[in-house]
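[1] Please work out how this folds:
(chains A and B)
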Amino acid sequence: DTEVTQTPKHLVMGMTNKKSLKCEQHMGHRAMYWYKQKAKKPPELMFVYSYEKLSINESVPSRFSPECPNSSLLNLHLHALQPEDSALYLCASSTRRGQGHEQYFGPGTRLTVT
Amino acid sequence: DQQVKQNSPSLSVQEGRISILNCDYTNSMFDYFLWYKKYPAEGPTFLISISSIKDKNEDGRFTVFLNKSAKHLSLHIVPSQPGDSAVYFCAASANDYKLSFGAGTTVTVRA
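    Have a look, this model is predicted:
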């Protein structure tokens, strides 16, 4: 099973709202990732968690706050977003951080900020 | 700075024929390469990968070729099927967490 699940599938939020995106995998992977993808562009890495600890933050604004409650779950908390943050947010996981271990992506959450 | 380049934004191929997708990279530290397929409004799906110690990897209809001296890799799909119509991303890593993606090539398989 190489499934990564994400909820919700679609999310519309105002600039003053607080919402959360959720990601789950049961493959025993110890590295989990958040990406942002704009239309017709490749995915852009936002955060990496390795063994439930945040190991990489790609200079993401603080209005995005990741959380890894356990080895299977990854959340992305959203607050005071801007319309330009509208995008497809992808979660991925791999057996561990590092080379030679493919990242498996979830279906994404389509976020619209109004 | 785009370290992974897919210079063909689109490719149209007839069903049953070969699709060849190309990818070039500039970072000589890259030692692992992957291809992903993406349908609209879905996450990328891992297709096939290759380590820099190899020059070819095959999985069913998909074969990836790596030419390290030219810093070039290609994905061959034989035979092409209508379900192969999607965006294909080339990605590379340098013994690290980070995948550097190309801009993608949109493949359309004509019946």
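[2] Nearest residue to the middle of chain A?
    residue A:34 (2.9 Å; Cα atoms, centre = their mean).
[3] Surely that residue touches residue A:47?
    Yes: Residue A:34 is within contact range of residue A:47, at 4.6 Å (criterion: Cβ atoms under 8 Å). Quick note: C-beta positions are derived from backbone N, CA and C, even for glycine.
[4] Pull up the overlap in contacts between the two.
    A:64, A:66, A:76 (Cβ atoms under 8 Å, 6 or more residues apart in numbering or on different chains).
[5] Okay, and the beta partners of the second one?
    According to DSSP bridges, residue A:76 are recorded as the beta-bridge partners of residue A:66.
[6] Can you name the residues that contact it?
    Counting by Cβ under 8 Å, 6+ apart, residue A:66 makes contact with A:34, A:46, A:47, A:49, A:54, A:74, A:75, A:76, A:77.
[7] so the third one sits right up against residue A:33, yeah?
    Yes: with contact defined as Cβ under 8 Å, residue A:47 and residue A:33 form a contacting pair (6.8 Å).
[8] Neighbour count: those two, which is higher?
    residue A:33 (29 against 22; other Cβ atoms under 10 Å in any protein chain shown).
[9] Could you dump the shared contacts of residue A:34 and residue A:47 into TSV and include pLDDT and distance to residue B:33?
    TSV is the format used below for the shared contacts of residue A:34 and residue A:47 (pLDDT from 0 to 100; distance: Cβ to Cβ, whole Å):
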residue	pLDDT	distance to residue B:33
A:64	98	29
A:66	98	27
A:76	98	28
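[10] Just put the residues you listed in a markdown table and tack on distance to residue A:38.
    Listed next are the shared contacts of residue A:34 and residue A:47 as a markdown table, based on distance: Cβ to Cβ, whole Å:
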| residue | distance to residue A:38 |
| --- | --- |
| A:64 | 15 |
| A:66 | 19 |
| A:76 | 16 |
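[11] Return the residues of chain B in contact with chain A.
    B:31-32, B:34, B:36, B:41-46, B:49, B:51, B:89, B:93-99, B:101-104 (Cβ under 8 Å from any Cβ of the partner chain).
[12] so where's chain A shaky on pLDDT?
    For chain A, the stretches with pLDDT under 70 are A:1-2, A:96-101.
[13] contacting residues for residue 72?
    No chain in the question, so chain A it is. A:24, A:25, A:26.
[14] actually it's chain B I care about, not the one you picked
    B:22, B:23, B:24, B:25, B:66.
[15] now the first one: how far from residue B:108?
    Spelled out, that is residue B:22. 16 Å (Cβ to Cβ, to the nearest Å).
[16] Which one's more surrounded, these two?
    Between residue B:22 and residue B:108, residue B:22 has the larger neighbour count (other Cβ under 10 Å), namely 17 against 14.
[17] which residue packs closest to that one, ignoring adjacent ones?
    residue B:74 (5.1 Å; Cβ to Cβ, 6 or more residues apart in numbering or on different chains).
[18] now, among the contacts of residue B:72, which is nearest to residue A:7?
    Residue A:7 lies nearest to residue B:23 out of the contacts of residue B:72, by Cβ to Cβ, at 32.8 Å.
[19] first to last residue in stretch B:86-104, what's the distance?
    End-to-end distance for stretch B:86-104: 10 Å, by Cα to Cα, to the nearest Å.
[20] repeat for stretch B:23-39
    End-to-end distance (Cα to Cα), stretch B:23-39: 19 Å.
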